[in-house]
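Visitor: Predicted model follows, preceded by the sequence.
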Amino acid sequence: MIGTGYVGLVTGTCFAETGNDVICVDIDAKKIENLRKGQIPIYEPGLTELVLRNARSGRLKFTTDYKEAIPAAQCVFIAVGTPQGDDGSANLTGLWKVVETLAPLLDKAATVVIKSTVPVGTNRAVSERLRELCGRTVDVASNPEFLKEGAAIDDFTKPDRVVIGVDRPQAGEVLQELYKPFLRTEHPFLIMGLESAEMTKYVANCMLATKISFINEMANLCDRVGADINEVRRGIGHDQRIGFSFLFPGVGYGGSCFPKDVRALISVAQSKSSEPSILQAVDHVNTAQKEVLFQKIHRHFEGQLAGKQIAVWGLSFKPRTDDIREAPSLVLIDRLLTAKAIVRAHDPVAQENVQAIYGDKVTYCSHHYDTLDGADALAIVTEWNEFRNPDFAYLKHKMKQPVIFDGRNLYEPKRMRELGFTYSGIGLHS
């Protein structure tokens, strides 16, 4: 398993859990040293226990040395980052460096499996490059990941489906055997062409991002016409053609996948002289949605935010992760600091990552209630469970002004009014 980031570490550990011998390779010597000590570089519920158990058993090892890992491997998974480039396309520099390094070490029967999210055509290009470097045909398979941060172990061990892109059926059969322990409940193992598998990953993420941007745009419209987005959501969600999933309005999506993949597919489309109007709108709506919470705060205080103390609950882009990439909280904090507001923030696991960006410009509190001392307003950005049922009397007692801007619609507007709060959600009729 080349790459011990989010995807590589989860994938390698889950394969080891089913009895396979897995060696995880990374060029970051410090990360490998920490993993050998049992120090996990990411926050993911349940992962630490699995890593420790499989490392103790000898099934899971960590190294910086390709020569230790590649020659005996039957499957070589590539799970390195493909970050967004300046033009929105995926940066494949890391991927190509891996290909060049592993090629002379590959066993003749080995299958190279690309887990990284890559543009359509990349797997075929890797296959051609390996043929040049190795002097023979090397089986290359596309195996896109569909892991949700915060639920990755369950997603891997109980997948909705496993998607494999191959040129030769035999390569698919090798991977089907590897995934068999996770498919005992008859979820499908889908074998398709290389390009179709690559496209499946992008289309899945872009479809989910589209649903989020759509419901957010409708919520903003509800604000203007006096409708309640929760009532509207219930009204449409019972239509089986629509459903309820990913129809929760909020302050926009973030993370390492949706923003990057939407922009990458836009770039792919434009490179083929196609105008991806819907995808461009999805990205535009999401960028604008991250400003909505600040705009509400700004309007409430009539633009006079200097010296106002704002409590922020939630910093990660979603619950159950410490990932702050493209997080809406960062946009809010940027705007508040620019407006000379005082920011006191809490997140169960992501505070260190935010502190690495803002340093002492933000006050970080060990308990979410501590952010409220003398607060002029509370802004809720991430829907951690511990925020769902607070002691509202205590909140009101601690706050200078009982004002809540809820970016995740955690509370009922009517109840909040009855409790004496000024309360503003996303698309809620109050």
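Guide: Nice, I can see it.
Visitor: Where do the helices of the stretch 1-150 of the chain begin and end?
Guide: Secondary structure of the stretch 1-150 of the chain (DSSP state H, counting those that start in this stretch): helices at 6-17, 29-36, 47-57, 66-69, 93-102, 122-134.
Visitor: And the first one, what does it pack against?
Guide: Pointing back at helix 6-17 there. Secondary-structure packing of helix 6-17 (3 or more C-beta pairs under 8 Å, 6 or more residues apart in numbering; DSSP states H and E): strand 22-25, helix 47-57, strand 60-63, strand 75-78, helix 152-157. The way it works is simple: take the backbone N, C-alpha and C, and place the C-beta from them, glycine included.
Visitor: For that helix, output the C-alpha coordinates as CSV.
Guide: Only the C-alpha atoms of helix 6-17 are listed here, as CSV (Å, rounded to 0.1, in the frame of the first residue of the first chain):
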residue,chain,number,x,y,z
TYR,A,6,-6.5,8.7,4.8
VAL,A,7,-7.3,6.2,2.0
GLY,A,8,-4.1,4.2,2.1
LEU,A,9,-4.0,3.6,5.9
VAL,A,10,-7.7,2.7,6.1
THR,A,11,-7.5,0.4,3.1
GLY,A,12,-4.3,-1.3,4.2
THR,A,13,-5.5,-1.8,7.7
CYS,A,14,-8.8,-3.3,6.6
PHE,A,15,-7.1,-5.7,4.3
ALA,A,16,-4.7,-6.8,7.1
GLU,A,17,-7.8,-7.4,9.3
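Visitor: next one: it to chain centre, how far?
Guide: 17 Å (C-alpha atoms, centre = their mean, to the nearest Å).
Visitor: From the rest of the structure, what touches that helix?
Guide: Applying C-beta atoms under 8 Å, 6 or more residues apart in numbering, the external contacts of helix 6-17 come out as 1-2, 4, 22, 24, 26, 35, 40-42, 44, 47, 50-51, 53-54, 57, 59-60, 77, 79-80, 115-116, 145, 147, 149, 152-153, 156-157, 178, 182, 256, 323.
Visitor: could you check the distance from residue 139 over to residue 130?
Guide: To residue 130, residue 139 is 9 Å away according to C-beta to C-beta, to the nearest Å.
Visitor: what touches both of those two?
Guide: Contacts common to residue 139 and residue 130, judged by C-beta under 8 Å, 6+ apart, are residue 112.
Visitor: can you give me the strands in the chain?
Guide: 22-25, 60-63, 75-78, 111-114, 139-142, 162-165, 189-192, 309-313, 342-346, 363-364, 377-380, 403-406, 422-424 (DSSP state E).
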